[in-house]
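Asker: what's the 3D shape of this:
(chains A, B and C)
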Amino acid sequence: MRDVRLDDLAAILTIAIAVLTGVVLLVFSLPSIPYVHLSIIWDPVSRFFGILAFVFGTLYVSLLALLISSPIGIGAALYIVRYAPDKVKRYYSMIVEAMASVPSVVYGLRGFLVLGSFFGAFKANKLVASLTLSVMLLPTIISLSRASLESVPREIVEAAYALGAMKHEAALVALGYSRNQILGSVLIALMRAVGETMAVTMTVGNVVGVSMNPLDPGSTLTSLIATEFGGAMDPIHRSAIIFAAFLLFVISLTIYSIARRVIGRGEEK
Amino acid sequence: MERRNKERAFGILLKLLGTLAALPIFIIVAFVVYNGIRAISRDFITKTPQGFGENVSGGIAHAIVGTVFVMIVASFIGIPLGVLTGAYLSERKESKLYRFVERSVGALMGIPSVVVGLVVYLLLVVHTGPCAFAGGVSLALVMRPMVSESTRVALASVPQEIKEGGFALGAKRHQVLVDITIPAARKNVLVGIVLAVGRAMGEAAPILFTAGYADAMPRSVRDPAPTLPYIIYVYALYYPRDVYRLRARGASLILLAISLSFVYLSRRWRYERYRIRKILSVGR
Amino acid sequence: MNVIEFVRYSAWVGNKRILHEIDLPIKKNAINAIIGPSGSGKTTLIRSINRLMELVPGYRYEGDILLEGTSIFELDVYDLRRRVGMVFQHPNPFPHMSIYENVAYGIRLHRLARSKREEFERVKKALEMAALWEEVKDRLDEKPGRLSGGQKQRLVIARALAVEPEVLLMDEPTASLDPKATTRIESLMKELSKEVTIVLVTHNMAQAARVSDYTAFIYMGRLIEHGPTREIFERPKRPETEAFLRGKI
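Answerer: Residues are numbered from 1 along each chain as shown, chains lettered A, B, ... in the order given. Model prediction:
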């Protein structure tokens, strides 16, 4: 027994939990499979569960949020690494850490009460959710991009300068050098966005639909789980929501493994 | 000369983006403080809610205590598991399982926290009912991969020579880990734990279905335990009355203050370490 | 004739004085070796010529460095760096750009080509000068990652040559290469020195003796002596030089 150590047990438990999560979600969503459809209609009363509207909402809100926060976050990281004086650098990492630690309900409340008030009657809509989410993704994008920009070897930047590159041209070389890692950090942010629950639920409006208009309310996989699971009495209805969770699990893992592959490709050189 | 203009424009653009990215936190803090301060009173912090609807009075003490209950359970489960897994990840690279463990930690970090809550509901809450214990288990699961990742980084940064010093004296692997590596990195391990506990505390998604809600003070971990993030969500979204909005804002202020003080705490420690290192390097 | 001339040039980083009042001519179309033990200031000296030292926080200087009679500190730094190319100790091609893009990078920075055709011709010429064209002409679009160390170093030389510099600074260019690759680079340097002035920093005395026309010996931030390579190696005037050549420093 001396050979079995606590850290081994913890490691095995880790694997077990990861596998168990997937298995539990799958098993509990099985009963609903005959009632789940590739449709945009979600009707618990007649047990017709189309999940497309939620997948659409999740992707719409997440991608719009990324579209807003990626350029800002990557630009900010480039500014910190290649332009900012040391003092700004120090304060900036504190700011990013603080941003990351603001609870998602606080972001949600702000989005719900402040951003939403600009839009009159439809206080909660996909745009408000995306804007709220984009702020929440910034710390992830900034800190991961910053780390990869900082790991660009000095010789690479010096080589650019030695060829007569100006500051911005050298910065662009650094950006090009770490482009795989930066793409990876955007993907990690996408994973966060897809799984974010509270802030999105509080701001997206929770109306099932597939409108392309960002000012229309929508619904996401996470907001479906948050708003309907507690009140779902019909076992098939519950199971269908668990199916949505399973879908979310699969989407997250897929994004995660793509991100790993992209980052790994960057590290090979 | 067009090139010079580009250079200047690029610098200005980046500075602008850097400023734009830093702005929201100040706006949020200002917003939360400005709106929340009106709700804060002695009763708000020390009393449980009294009455219903427009006539609600009293405070949110039950949620503060509930948060503490849930976090105690979460810490007891999440911290040891996280630290041990982190130690494994840092020190057992040669193990056959290593790749799987690493993947699993990554995957667990990526699982949306609402899904974690759902799984805990399916496996635990259906037997126990919503309670502080089940909520704590959910948050432990959310916290654990963060703790193991930061522990891994902290332990990996302990210089190999220091560990070898232990092996050279004939210490076994776990003795080196417990006696040398973890103590050598304890400040950084602690920083990671503090940040992870702070993050977990702000999570509402994993406890939506697990911790439960009651207007009363929880007395044991078997009682339903409302937490601060949970009541902010519920008050804001499901009680469309201004009194509840105000209570949500007050709770936000308290929650944000606690979250930020966790960051401040971890920062201070890092600052100390930085200072110690500076003293050492100047002395040399 | 002197392309570059150091005039009572001193350099500091923070409070530390790295170079003391250097007076040194760099001869045109020749290989000028700078030798000395590590930490003697060779790298600071060579990096001063293209003002790369200005990236080091706390750097300041006194005296002057002249390029064709004009102070380099009065020149536009970006133009200076076009006229003075540099090759580093470790081969550092940009890994995210193709072989072609690596060589074309400087041409594009300084807008030296008016058409795609002209750009291609310049890239080809630079690769030919670096004796790499035959080896890479069929895989110009590949990333440089799979090239050998010696090929990477020649690629970097081609990248520097593509903007047609007057001077090529080489900071220990063979330090990370095997003997065979080193021989190739050395014969390439000889060939190139007919058209380009080369400043070569090396701690490898044998290399300086093999390839260079002129040698300067730097020790503890001071120029001890300089002159034609043969003279320095066969009849050193100063005891420090002799000690270094015998491996006693």
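
Asker: where do the strands of the chain begin and end?
Answerer: Using chain A here. Under the criterion DSSP state E, strands of chain A are mapped to A:36-37, A:42-43, A:48-50.

Asker: that was the other one, I meant chain C.
Answerer: Using DSSP E, strands in chain C cover C:2-13, C:16-27, C:31-35, C:59-67, C:70-71, C:84-87, C:167-171, C:197-201, C:214-219, C:222-228.

Asker: what angle sits between the fourth one and strand C:16-27?
Answerer: Using axes from the mean of the first three to the mean of the last three CA atoms, to 10 degrees, the direction of strand C:59-67 lies 10 degrees away from that of strand C:16-27.

Asker: tell me, how many residues neighbour residue 37?
Answerer: Here I'm looking at chain A. Residues lying near residue A:37 (other CB atoms under 10 Å in any protein chain shown) number 13. Any C-beta I mention is one placed from the backbone N, CA and C, and that applies to glycine too.

Asker: if you could check chain B rather than the one you did, that'd help
Answerer: 11.

Asker: ok, residue B:175 touching residue B:163?
Answerer: No. Assessed by CB atoms under 8 Å, residue B:175 is found out of contact with residue B:163, at 11.0 Å.

Asker: give me the more crowded residue out of these two.
Answerer: residue B:163 (19 against 13).

Asker: gap between the helix or strand that contains the more buried one and the chain center?
Answerer: Assigned by DSSP states H and E, residue B:163 belongs to helix B:160-168. Here helix B:160-168 shows a centroid-to-chain-centroid distance of 33 Å under the convention CA atoms, centre = their mean, to the nearest Å.

Asker: which ones are touching the closest residue to residue A:228 other than its chain neighbours?
Answerer: Of all residues not flanking residue A:228 in the chain, residue A:241 sits nearest, at 5.7 Å (CB to CB, 6 or more residues apart in numbering or on different chains). Residue A:241 makes contact with A:224-225, A:228-229, A:232, according to CB atoms under 8 Å, 6 or more residues apart in numbering or on different chains.

Asker: pretty sure residue C:100 contacts residue C:142?
Answerer: No. Counting by CB under 8 Å, residue C:100 does not reach residue C:142; the two are 9.0 Å apart.

Asker: who has more neighbours out of the two?
Answerer: Neighbour comparison, residue C:100 and residue C:142: the larger count goes to residue C:100, with 18 against 13 (by other CB under 10 Å).

Asker: OK, contacts around the closest residue to the more buried one other than its chain neighbours?
Answerer: Excluding the flanking residues, the one nearest residue C:100 by CB to CB, 6+ apart is residue C:140, at 4.0 Å. The contact partners of residue C:140, by CB under 8 Å, 6+ apart, come to C:98-100, C:123.

Asker: ditto for residue A:236
Answerer: Counting by CB under 8 Å, 6+ apart, residue A:236 touches A:31-32, A:35, A:47.

Asker: SS state for residue B:183?
Answerer: Assigned with DSSP: H, G, I helix; E, B strand; the rest coil, residue B:183 falls in the helix class.

Asker: tell me how many other residues surround it.
Answerer: Residue B:183, neighbours per other CB under 10 Å, totals 12.

Asker: quick one: it and chain A, what's the gap?
Answerer: Counting by CB to the nearest CB, to the nearest Å, the gap from residue B:183 to chain A is 16 Å.

Asker: tell me the pLDDT of that residue.
Answerer: In this model, residue B:183 is scored at 85, pLDDT.

Asker: now swap in residue B:278 and tell me
Answerer: 50.

Asker: which residues does residue 169 contact?
Answerer: Since you didn't name a chain, this refers to chain A. A:160, B:7, C:109 are the contacts of residue A:169 under CB under 8 Å, 6+ apart.

Asker: switch to chain C, that's the one I care about
Answerer: Here residue C:169 is in contact with C:46-47, C:49-50, C:84-87, C:199, C:201 (CB under 8 Å, 6+ apart).

Asker: mind putting those residues into a markdown table with neighbour count and distance to residue C:179?
Answerer: Shown next, in a markdown table, are those (neighbours: other CB atoms under 10 Å in any protein chain shown; distance: CB to CB, whole Å):
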| residue | neighbour count | distance to residue C:179 |
| --- | --- | --- |
| C:46 | 20 | 24 |
| C:47 | 22 | 27 |
| C:49 | 22 | 29 |
| C:50 | 27 | 29 |
| C:84 | 26 | 29 |
| C:85 | 27 | 25 |
| C:86 | 26 | 24 |
| C:87 | 25 | 19 |
| C:199 | 27 | 23 |
| C:201 | 25 | 19 |
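
Asker: for chain C, which spans come out with low pLDDT?
Answerer: In the predicted model, chain C carries no residue with pLDDT under 70.

Asker: what parts of it come near chain B?
Answerer: Counting by CB under 8 Å from any CB of the partner chain, chain C comes close to chain B at residue C:111.

Asker: before we move on, the earlier item: which of the contacts of residue C:169 lies closest to chain A?
Answerer: Closest approach between the contacts of residue C:169 and chain A, by CB to the nearest CB: residue C:86, at 3.9 Å.

Asker: ok, now how distant is the nearest residue to residue C:5 once chain neighbours are set aside from residue C:6?
Answerer: In space, and not counting its chain neighbours, residue C:5 is closest to residue C:66: 4.4 Å by CB to CB, 6+ apart. Using CB to CB, to the nearest Å, residue C:66 is found at 8 Å from residue C:6.

Asker: neighbour count winner among those two?
Answerer: The residue with more neighbours, out of residue C:66 and residue C:6, is residue C:6; 23 against 19, by other CB under 10 Å.

Asker: contact partners for the more buried one?
Answerer: Here residue C:6 is in contact with C:22-25, C:45, C:63-65 (CB under 8 Å, 6+ apart).

Asker: which strand residues bridge it?
Answerer: residue C:24, residue C:65 (DSSP bridges).

Asker: ok, now the one 10 residues further on?
Answerer: With DSSP bridges as the criterion, the beta-bridge partners of residue C:16 are residue C:13.

Asker: give me the pLDDT for the residue nearest to residue A:228.
Answerer: 96.

Asker: neighbouring contacts of stretch A:45-52?
Answerer: With CB under 8 Å, 6+ apart as the criterion, stretch A:45-52 contacts A:32, A:35-43, A:210, A:221, A:234, A:236-237, A:240, A:243-244, A:247.

Asker: list buried residues within these.
Answerer: Buried by 16 or more other CB atoms under 10 Å in any protein chain shown: A:32, A:35-36, A:42, A:221, A:236-237, A:240, A:243-244, A:247, out of the contacts of stretch A:45-52.

Asker: okay if I get those residues as CSV plus distance to residue B:263?
Answerer: As requested, the buried ones among the contacts of stretch A:45-52 are exported to CSV (distance: CB to CB, whole Å):
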residue, distance to residue B:263
A:32, 42
A:35, 46
A:36, 42
A:42, 40
A:221, 30
A:236, 44
A:237, 41
A:240, 39
A:243, 37
A:244, 33
A:247, 34
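
Asker: can you tell me which of those residues are in helices?
Answerer: Among these, the ones falling in helices (DSSP state H) are A:221, A:236-237, A:240, A:243-244, A:247.

Asker: near chain A at all, the helix or strand containing residue B:127?
Answerer: Assigned by DSSP H and E, residue B:127 falls within helix B:126-128. No. Applying CB under 8 Å from any CB, one finds helix B:126-128 separated from chain A by no less than 10.4 Å.

Asker: helices and strands around the following helix or strand past that helix, which ones?
Answerer: Going down the chain from helix B:126-128, the next helix or strand is helix B:132-156, by DSSP H and E. When contacts are defined as 3 or more CB pairs under 8 Å, 6 or more residues apart in numbering or on different chains; DSSP states H and E, helix B:132-156 sits against helix A:6-29, helix B:61-91, helix B:98-110, helix B:113-120, helix B:186-201.
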